[in-house]
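Engineer: Let me see the structure of the following:
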Amino acid sequence: MARLSRPRDNRYLFVPLDHSMADGPIVGQADFNTLISDICLGGADALIVHKGRARTIQPDLLGDCALIVHLNASTDHALDSDEKVLVGDVEEALRLGADAVSMHVNVGSDTEASQLADLGTVASACDQWGVPLLAMIYLRGPRVIHPNSPDQLAHMVSIAADLGADLVKTVLASPTARMAEVTAASALPVVVAGGDGHDMNLYDFATTAMAVGCRGLAVGRRVFTDDTPRGVVQQLAAIVHGRYVPPVPELAQELAGTK
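Structural biologist: Numbering: from 1, shown residues only. Predicted coordinates for the structure are as follows:
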C-alpha cells in the first residue's frame, strides 16, 4: 500500500488510462510513452492500465510511479456496456510488475451478481499474494435513479470493504458537502473519480474532494485530453499531497450548514 503513495502520506493521485478498452485510443501509440512520462514526472502516484498496455510502457519512465493493472473490462459497443468481465488475473499482473490491481463493479446493473462474484474471487487472490486491490464501485444500471446519492454511495464503499478491497474509488456525492458522511463511514480510503458531471473546474473539484475527507483522486480523461498533461498532474498532486487548501467558498458555506 505504501508504494501507491509516493510521499508515503496515505494520499493518492491515480491516473486511469484504461479508457482505451471501452472508448478507443486515447493517444497515438507514438505519443503513449510521452504521455506516461508526463504523468509520472508530474507527480502521479500510480497509473491504471490494462495488461497488454502495460507491456508497451518503457519501465524506466515510471520512476517512483506505481503500476496498477485493471482486471476486468467492457466496451461501449456491447448490448450491456455496464457488464464487466474478467480479462486478467492477479498472477499475470504480478508478472507484469504491477504494484496493485483494480476491479470495476456496477452495482444495480443486470450483471451485478457476476461482477460481485468476480470481485470476491480477485480479492481472495490478492490476499494470497499480498497485492493491494482498488475496487471501483459505481451505482449504474437500468433501475438506478440517484447514482450520486450520499446514502447509496455509503453503501457502495461498504461493499468494497466487505468483499476485501484495500481502497475504493467512486463518485463525488451530491450535494458535495454530504460526501463527508460517506468518507467518515468508510472503512477504506476513498478515492474520488474524475469530476465529470459536476459544475466545477478540475482544481475546485479536487480541492472540494479533499476537503470532504476523500483520500485522493483518480483523474484520467481530464488529464490525457489536456494540452499540458504534466502541468495538470502537478497541480493535482499539489492539492492531494500539499498543504491544506481551503474549500471553494460555496462548499465552505455548505459544510458550515451541516454542522
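Engineer: for the chain, what's the longest helix?
Structural biologist: Criterion DSSP state H: the longest helix present in the chain is helix 112-129.
Engineer: how close does the residue nearest the centre of the chain get to Val232?
Structural biologist: Centroid-nearest residue in the chain, with CA atoms, centre = their mean: Ala218, separated by 3.9 Å. To Val232, Ala218 is 14 Å away according to CB to CB, to the nearest Å. Any C-beta I mention is one placed from the backbone N, CA and C, and that applies to glycine too.
Engineer: returning to what we had before: not counting the longest helix of the chain itself, show me its contacts.
Structural biologist: 71-72, 83-86, 89-91, 94, 101, 103-107, 109, 131-133, 135, 141, 159, 163-166 (CB atoms under 8 Å, 6 or more residues apart in numbering).
Engineer: can you pull out the helices in the chain?
Structural biologist: 19-23, 29-42, 51-54, 90-95, 112-129, 150-162, 179-185, 202-211, 221-224, 229-241, 249-258.
Engineer: Output the ones you listed as a markdown table; include the columns mean neighbour count and mean pLDDT.
Structural biologist: Shown next, in a markdown table, are the helices of the chain (neighbours: other CB atoms under 10 Å; pLDDT from 0 to 100):
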| stretch | mean neighbour count | mean pLDDT |
| --- | --- | --- |
| helix 19-23 | 15 | 86 |
| helix 29-42 | 18 | 93 |
| helix 51-54 | 18 | 96 |
| helix 90-95 | 17 | 98 |
| helix 112-129 | 17 | 98 |
| helix 150-162 | 19 | 97 |
| helix 179-185 | 20 | 96 |
| helix 202-211 | 22 | 94 |
| helix 221-224 | 21 | 93 |
| helix 229-241 | 20 | 96 |
| helix 249-258 | 13 | 58 |
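Engineer: hang on, Val240 packs against Cys214?
Structural biologist: No. Between Val240 and Cys214 there is no contact, the gap being 9.2 Å when judged by CB atoms under 8 Å.
Engineer: want to throw the helices of the chain into CSV with distance to Leu79?
Structural biologist: Output for these, formatted as CSV (distance: least, CB to CB, whole Å):
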stretch, distance to Leu79
helix 19-23, 14
helix 29-42, 29
helix 51-54, 24
helix 90-95, 27
helix 112-129, 15
helix 150-162, 24
helix 179-185, 32
helix 202-211, 33
helix 221-224, 24
helix 229-241, 34
helix 249-258, 40
